[in-house]
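> please find the sequence and the predicted model below.
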2 protein chains.
Amino acid sequence: MNLKFIKEGITSPKGFMSSGISCGIKGKNLKDLALVMSASPCNSAGVFTKNKIKAAPILVTQNHLKSKTARAIIANSGNANTCTGKKGIEDAEKMCSLVAKESGIEKDDVLVASTGIIGVKLDIDSIENSVPHLVKKLDKEGYKDASEAIMTTDTFPKTLSVKFEIQGKPAVIGVMAKGSGMIHPNMGTMLSFITTDVNISSDLLEKALRESVRISYNRISVDGDTSTNDTVLIMANGLSGNEMIEKENEDYRIFLEVLEKLNVKIAKMIAKDGEGATKLIECRALNVPSERDGEIFAKSIICSNLVKTAFFGCSANWGRILDAVGYSGGDFDINKLQVCIGSSKGNIMVFKNGEPVKFSAGEAKDILSEDEVYISLDFNSGSHNVRCWGCDLTYDYIKINGDYMS
Amino acid sequence: MNLKFIKEGITSPKGFMSSGISCGIKGKNLKDLALVMSASPCNSAGVFTKNKIKAAPILVTQNHLKSKTARAIIANSGNANTCTGKKGIEDAEKMCSLVAKESGIEKDDVLVASTGIIGVKLDIDSIENSVPHLVKKLDKEGYKDASEAIMTTDTFPKTLSVKFEIQGKPAVIGVMAKGSGMIHPNMGTMLSFITTDVNISSDLLEKALRESVRISYNRISVDGDTSTNDTVLIMANGLSGNEMIEKENEDYRIFLEVLEKLNVKIAKMIAKDGEGATKLIECRALNVPSERDGEIFAKSIICSNLVKTAFFGCSANWGRILDAVGYSGGDFDINKLQVCIGSSKGNIMVFKNGEPVKFSAGEAKDILSEDEVYISLDFNSGSHNVRCWGCDLTYDYIKINGDYMS
């Protein structure tokens, strides 16, 4: 399927509006409060951090998702509302009830997410004062403000939508997300909110979400630290008018494919905009016995500090790549392994038949000086292909995360 | 047991001599070839990297250790002899046979180790030309030269010995080691060579080595990248004259305790001298249900780039510490968890009863400005205590590993 991605976002599907304002948490008039609202009830699903310590808004959202339906998402940046005890749960519930009251919907139909500093109680009064204005500003163009309001040290808002057809009817999926970042010294969170007007059962919606998350967000790493607040939410209001997708038929497969492609695009944006990063590194594990094997190999490589610093230095340091494959825990035959590095500027083989392949360091440096590069490992031992994404490790990562106290 | 550690090394036990010279691999007259030799046969054992890709010298050494005896270790720095195919194996074998020929011992009684660049064939001719000189220089004072000859980007040689008594007879264990470093752009290796004059069976020697490695070298991390060359070797020549230790009796327990304490000291030196590091970070997981739990928690923390950069910035960033505990995979009750940070300057509690404890950021910064600091987590859920060691992540780490191509 050839898809056209549009630089719009969560308000592109029929019936969705959004807004983003400054409520004062971040200060300096920076936007820090976002709202997404559907004109009608949505089948909804969420995928959350596997961290044992979960932020209060995640616990509240999981509870509100038991009905598998929702109408709205409220999210703040600047404070993660994590490790904040009972008060944290009360504050997250209150964020939902404020939106519900102001917009005349049920509290349980509001989902909530937070990103920012850990362990500081939320300034719920400022949020309370701001929600009426937030609801009033709901608009089709509001995706821009909303995508800014969830940013922390992201250097650009991540917002995108895609149009396609289901049963001959125009359908849209929109998304906004934020990556790992530090506006305060102690947080890093990935949030992604997805909207669609496709009519799909809540069970299949959840299934499609999980499947697409597995091969997109779960295949990126900026620094290996899994946040306490990671949240991906999807809301489908069915306004596109297709007959409800209730089976894993061709319609479901179309929806899944579009969702996957969209989430992969957003995930790559997040990896590319990792803290201090100068480039996106795509690692391809080709011809592996299973997807799990490919993930083990590719993730080990993109998480290696030594590989990440090598790519910052534009060095085709295949020794570090092989080292990371070797300690990944996966099984492989080094004599069957072929390793290439490349970018839009070209591609060179660096390892084959158990031995190094001679190459020009100058040519490698030129290829790796691009802002999107790849490592390709052909294991010649199966039929599965897996891609994972990371970024380089740079002086700016240290500056962002280590310099604030000096 | 109160032990006195001496700044000597592998030649402190009776019957051991050592030497270290420059053979030309590193250039600039830098020492790069080391030899340890016992006057009599030694029961010997080794522990090696778990990386699936193992350096040629490891394969050769594992083969020579099948007899569980050895007389000598030859080691070079500047070239890891890894991913070098059949020629690599031949070269590692040749290093052993050169020593054997020159000193009149069996080839199978020589062990070999290498550290340095991956994937470059060894300059075996230079080694061949230098071995006669290396053997001629064997001396009781040679531990100094040898400990320098195995260094890469280590900023100081790691050499130590300890005297104690077994059955009323004076006994000694000596050690030299090197940490993770880069003399060329693509390697990082830990080597540790231990000598002793204690008379102990090869089976118990191996058991004690494995046990001590588990709680020392296996509890440090500089950057999470397991090398292809990691090697710990021990040789016991029995010249102290004690009756051979053949059972897990009190003598064995004394030997094990001394070996553990010595290896912990050396492991901490390696962590403190991690690439670019400004400080040693000790992480204590207290009152955990099992040692394994403690390792999971403590290792997750010392491996977190966000914790490591926070400590570079002297920030008591407990949010990142809790985050790393949360994603470690271990199970715990956050309401029972107490978290402290400290150094020789003092100690402050930062988290208790599921909530933050207020503290002065200035006081924390002062405490964390020391070059040895600790994080203490009391899980109040068991009786095991585990310590792991790491270092901070700094601009110099990026400089050492990312700057060489620019």
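Yep, that arrived.
> which helices and strands does the longest strand belonging to chain A pack with?
Looking across chain A with DSSP state E, the single longest strand is strand A:33-48. In terms of contacts (3 or more CB pairs under 8 Å, 6 or more residues apart in numbering or on different chains; DSSP states H and E), strand A:33-48 is packed against strand A:16-21, helix A:56-64, strand A:69-79, helix A:124-136, helix A:143-149, strand A:191-196, helix A:202-214, strand A:231-236. From N, CA and C alone the C-beta is placed, and that goes for glycine too.
> now do the helix or strand just after the last one, average pLDDT.
From strand A:231-236 onward toward the C-terminus, using DSSP states H and E, the following helix or strand is helix A:250-272. Along helix A:250-272, the predicted local confidence has a mean pLDDT of 91.
> just to revisit the earlier point, including mean pLDDT, mean neighbour count and distance to B:C23, could the helices and strands packed on strand A:33-48 go into CSV?
Shown next, in CSV, are these (pLDDT from 0 to 100; neighbours: other CB atoms under 10 Å in any protein chain shown; distance: least, CB to CB, whole Å):
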stretch, mean pLDDT, mean neighbour count, distance to B:C23
strand A:16-21, 97, 26, 65
helix A:56-64, 95, 22, 59
strand A:69-79, 95, 27, 58
helix A:124-136, 98, 17, 69
helix A:143-149, 96, 26, 60
strand A:191-196, 89, 29, 56
helix A:202-214, 91, 19, 52
strand A:231-236, 89, 28, 57
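> who's in contact with A:L138?
Contact partners of A:L138, counting by CB atoms under 8 Å, 6 or more residues apart in numbering or on different chains, are A:M17, A:S18, A:S19, A:L35, A:M37.
> how close does A:I173 sit to A:D145?
20 Å (CB to CB, to the nearest Å).
> now whichever strand or helix holds A:G362: buried residues?
Assigned by DSSP H and E, A:G362 belongs to helix A:361-368. Residues of helix A:361-368 classed as buried by neighbour count (16 or more other CB atoms under 10 Å in any protein chain shown): A:A364, A:I367, A:L368.
> from A:E275, how far off is A:C303?
In this view, A:C303 and A:E275 are 14 Å apart by CB to CB.
> relative to A:S40, how far out is A:L204?
Relative to A:S40, and taking CB to CB, A:L204 is found at 19 Å.
> how about A:G46?
Per CB to CB, A:G46 is found 19 Å from A:S40.
> tell me which of those two has more neighbours.
The neighbour comparison of A:G46 against A:S40 (other CB atoms under 10 Å in any protein chain shown) goes to A:G46, with 24 against 12.
> now do the same contact list for the more buried one.
By CB under 8 Å, 6+ apart, the contact list for A:G46 reads A:T61, A:Q62, A:L65, A:L111, A:L209, A:T231, A:V232, A:L233, A:I234.
> ok, now A:K140?
Here A:K140 is in contact with A:T11, A:M17 (CB under 8 Å, 6+ apart).
> do the same with the one 5 residues further on
A:D145 makes contact with A:S18, A:S19, A:G20, A:I21, A:K31, A:A34, A:K137 under the criterion CB under 8 Å, 6+ apart.
> the fifth one: neighbouring residues, count only.
When neighbours are counted by other CB under 10 Å, A:K31 registers 22.
> so A:D32 versus chain B, what's the distance?
The spacing between A:D32 and chain B, counted by CB to the nearest CB, to the nearest Å, is 18 Å.
> could you double-check that that residue lies in contact with A:I74?
No. In this structure A:D32 lies outside contact range of A:I74 using CB atoms under 8 Å: 11.6 Å.
> could the buried residues of helix A:361-368 go into JSON lines alongside pLDDT?
Formatted as JSON lines, the buried residues of helix A:361-368 follow (pLDDT from 0 to 100):
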{"residue": "A:A364", "pLDDT": "94"}
{"residue": "A:I367", "pLDDT": "97"}
{"residue": "A:L368", "pLDDT": "96"}
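> A:K26 belongs to a helix?
No. Applying DSSP: H, G, I helix; E, B strand; the rest coil, one finds A:K26 to be coil, outside a helix.
> and it, how far from A:I150?
To A:I150, A:K26 is 11 Å away according to CB to CB.
> picking up where we left off before, with distance to B:K308 added, can I get the helices and strands packed on strand A:33-48 in JSON lines?
Below are those laid out as JSON lines (distance: least, CB to CB, whole Å):
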{"stretch": "strand A:16-21", "distance to B:K308": "34"}
{"stretch": "helix A:56-64", "distance to B:K308": "26"}
{"stretch": "strand A:69-79", "distance to B:K308": "24"}
{"stretch": "helix A:124-136", "distance to B:K308": "34"}
{"stretch": "helix A:143-149", "distance to B:K308": "31"}
{"stretch": "strand A:191-196", "distance to B:K308": "25"}
{"stretch": "helix A:202-214", "distance to B:K308": "28"}
{"stretch": "strand A:231-236", "distance to B:K308": "26"}
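> so which of these gets nearest B:I270?
Ranking the helices and strands packed on strand A:33-48 by their distance to B:I270 (criterion: CB to CB) puts helix A:202-214 first, at 37.9 Å.
> so which helix or strand of chain A has the lowest pLDDT on average?
Within chain A, no helix or strand scores below helix A:395-402, which has a mean of 86 by mean pLDDT, DSSP states H and E.
> that one packs against which elements?
helix B:305-312, helix B:395-402.
> who in the stretch 201-350 of chain A is up against chain B?
With CB under 8 Å from any CB of the partner chain as the criterion, the stretch 201-350 of chain A meets chain B at residues A:223-228, A:303-306, A:309-310, A:312-315, A:317-320, A:322-328, A:330-332, A:334.
> alright, I will stop here.
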